[in-house]
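S.K.: I would like to see how this sequence folds:
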Amino acid sequence: MTEQDSEDVRLRAAIEIARDAAETDAGAEHVGDYLGAQSEHGALTHLFASRIEGYRGWRWAVTLASAGPDTPVTVSEVVLLPGPDALTGPDWVPWQDRIRAGDLGVGDLMPSQEDDDRLVPAYLESDDPGIERLAMELGLGRKRVMSRTGRLRTAKRWRGGEFGPRSDMARSAPARCGTCGFYLQLDGSLRAAFGVCGNEIAPADGRVVHVEYGCGAHSEAEVDTRSAVPVTEMVYDDTNFDVEQR
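M.R.: As a prediction, the model looks like this:
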């Protein structure tokens, strides 16, 4: 017997040992065809197709170890691993990173992290005079205030939101919030770009709006009465109608 023949015999024996280990661990009905072997750090891992329903493309990986040609082969581990074409679930994302605006309901808690870069301790000096005044206010009791990073993220989110300058309502508005009498300007570093709408008729009433947002309830909006039909002219009295008998 040549050296190559001896090597083939040892390989076939190792494959049988690996298959027996996989079938013992998973059941013979769940172990499919032999898919080859992979060498890892001096050990050889044999791969078998998985026949478990729902695990398409997964493989049974059986790692064997041997101290030499004349020593017995031992099974190190049997695991089910995804292959290159396996159907796998998405990467796990921590709960606090999956929460989006509007997800929190009554009674839900979403505590901020100690290292949240949107917040800084209130005793630190801020570049926002408005925050400084609030942080030092007697009895306020805030341990942390928004950092510059947190304010920039907030401004970006508000500007790109429903009440920002690029919304459909803003693009069709007769004028901008910055020129509206119902616009209540914010204090602090965001005052130049944001305020709160105080018009109960407006869709943004009580909401933070961008200075370039706008809607049809602008305080200085004008209607061309020459082309508009007053609502009062559309009201009619049906008590004066004559009823025709047939």
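
S.K.: Spell out the secondary structure type for residue 48.
M.R.: Recorded secondary structure, residue 48: strand (DSSP: H, G, I helix; E, B strand; the rest coil).

S.K.: list the contacts for it?
M.R.: Applying C-beta atoms under 8 Å, 6 or more residues apart in numbering, we find residue 48 in contact with 18-19, 22, 31-35, 59-60, 62. Where C-beta positions appear, they are placed from N, C-alpha and C, glycine not excepted.

S.K.: and the residue lying closest to residue 58 once chain neighbours are set aside, bridged to which residues?
M.R.: Nearest residue to residue 58, sequence neighbours excluded (C-beta to C-beta, 6 or more residues apart in numbering): residue 50, at 4.2 Å. On the basis of DSSP bridges, residue 50 is bridged to residue 31.

S.K.: Quick check, residue 50 in contact with residue 80.
M.R.: Yes - contact criterion C-beta atoms under 8 Å: residue 50 and residue 80 qualify, at 6.2 Å.

S.K.: shared neighbours, the two?
M.R.: Counting by C-beta under 8 Å, 6+ apart, the common neighbours of residue 50 and residue 80 are 26, 58-60.

S.K.: Which residue in the residues you listed has the weakest pLDDT?
M.R.: Taken together, these show their lowest pLDDT at residue 26, with 90.

S.K.: okay, now the residue nearest to residue 58: neighbour count?
M.R.: When neighbours are defined as other C-beta atoms under 10 Å, residue 50 has 24 of them.

S.K.: Now do the contacts for it.
M.R.: 26, 30-32, 58-60, 80.

S.K.: Quick check: of these, which has the highest neighbour count?
M.R.: Busiest of these [other C-beta under 10 Å] is residue 60, holding 27 neighbours.

S.K.: For residue 188, see how far away that residue is.
M.R.: Distance of residue 60 to residue 188, computed by C-beta to C-beta, to the nearest Å: 61 Å.

S.K.: pLDDT at residue 148, what is it?
M.R.: 88.

S.K.: returning to that earlier point: turn the contacts of residue 48 into a markdown table, columns for secondary structure and distance to residue 86.
M.R.: Converted to a markdown table, the contacts of residue 48 look like this (DSSP: H, G, I helix; E, B strand; the rest coil; distance: C-beta to C-beta, whole Å):
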| residue | secondary structure | distance to residue 86 |
| --- | --- | --- |
| 18 | helix | 20 |
| 19 | helix | 20 |
| 22 | helix | 17 |
| 31 | strand | 16 |
| 32 | strand | 14 |
| 33 | strand | 16 |
| 34 | strand | 17 |
| 35 | strand | 12 |
| 59 | strand | 8 |
| 60 | strand | 12 |
| 62 | strand | 17 |
